[in-house]
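# Just the structure for this:
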Amino acid sequence: MRILALAVLLSAAAAPASAKTYELDPAHSSVTFRIRHLVSRVQGRFDKFSGVVDYEKGKPAAWKTAVEIDPASINTGVSARDGHLKSADFFDVEKCPKMTFKSTKVTETELTGELTMHCVTKPVTLKLEIGGESGGKFGATATGKLNRKDWGLNWNKAVEAGGVMVGEDVELTLDIEAAPKKA
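Numbers count the residues shown, from 1 in each chain. Reported below is the predicted structural model:
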């Protein structure tokens with residue numbers, strides 16, 4: 001009987017604890033990007049997004065995330081440019097009303113998953129920096145570079161002096177703070 005009790009205790013101790021689920025706090029999080037425009041860089045953000053993160057300190061095998069972004073909430077600070085980015089030339093928000101990211105693998109330093117943008121799904125790997133937990137909140141930053149043409153965002157315009165108006169590489173940053181998910 002003691003052996004059975006010991007076996008039950010050991011198996012319970014060896015069972016992995018479940019990760020805590022957090023919900024993104026949009027007031028303390030951001031989804032931002034930078035892209036070359038002619039000879040400088042334009043910065044922008046998406047104002048509407050939501051998502052969840054499963055996190056357990058020191059156990060990246062238990063970590064996962066899913067994020068949804070409203071591409072119609074794009075904001076570069078120039079309404080005419082934002083209107084063009086929402087059009088069929090770029091995000092085509094009428095046809096493709098949401099962007100999503102769902103993790104497939106997470107390590108201490110990388111976040112890999114499937115990014116759906118412009119109705120196209122492709123794998124991406126982002127650099128991951130865990131901010132940790134404090135005051136019941138969780139924080140992390142994911143950064144990376146992707147080629148917009150991989151998702152069919154092909155619009156461009158040749159410049160008379162040579163080159164093109166818009167670069168292909170987009171620098172992406174997700175700074176998130178999340179609170180425990182409410183039941």
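# so which helix or strand takes in the residue nearest to E171 when sequence neighbours are not counted?
Distances taken as Cβ to Cβ, 6 or more residues apart in numbering put R34 closest to E171, at 4.4 Å, once the chain neighbours are dropped. From N, CA and C alone the C-beta is placed, and that goes for glycine too. For R34, the host element (DSSP states H and E) is strand 30-37.
# List the strands paired with the following helix or strand past that strand, with their directions.
Using DSSP H and E, the next helix or strand after strand 30-37 towards the C-terminus is strand 40-46. Sheet pairing here is set by DSSP bridges, and for strand 40-46 it gives strand 30-37 (antiparallel), strand 74-75 (antiparallel).
# picking up where we left off before, mind listing the residues bridging to the residue nearest to E171?
Those that pair with R34 in a beta bridge, by DSSP bridges, are Q43, E171.
# ok, now K64?
D54.
# Surely it touches V106?
Yes. Using Cβ atoms under 8 Å, K64 is in contact with V106, at 6.6 Å.
# who's in contact with H28?
E177 (Cβ atoms under 8 Å, 6 or more residues apart in numbering).
# I'd like to know how far it sits from Y55.
Computed as Cβ to Cβ, to the nearest Å, the H28 to Y55 distance reads 16 Å.
# ok, now I130?
Distance from I130 to Y55, by Cβ to Cβ: 8 Å.
# More neighbours: these two, which one.
Y55 (22 against 18; other Cβ atoms under 10 Å).
# Can you list the low-confidence ranges for this structure?
1-17 (pLDDT under 70).
# how about a cut-off of 90?
Within the chain, the stretches with pLDDT under 90 are 1-19, 36-40, 132, 135, 156-165, 181-183.
# those strands in it, which residues are they?
Along the chain, counting by DSSP state E, strands occupy 20-24, 30-37, 40-46, 49-55, 64-69, 74-75, 99-106, 110-117, 120-134, 137-147, 166-180.
# Throw these into JSON lines and include distance to F91, thanks.
JSON lines is the format used below for the strands of the chain (distance: least, Cβ to Cβ, whole Å):
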{"stretch": "strand 20-24", "distance to F91": "21"}
{"stretch": "strand 30-37", "distance to F91": "12"}
{"stretch": "strand 40-46", "distance to F91": "10"}
{"stretch": "strand 49-55", "distance to F91": "14"}
{"stretch": "strand 64-69", "distance to F91": "10"}
{"stretch": "strand 74-75", "distance to F91": "7"}
{"stretch": "strand 99-106", "distance to F91": "8"}
{"stretch": "strand 110-117", "distance to F91": "8"}
{"stretch": "strand 120-134", "distance to F91": "11"}
{"stretch": "strand 137-147", "distance to F91": "14"}
{"stretch": "strand 166-180", "distance to F91": "12"}
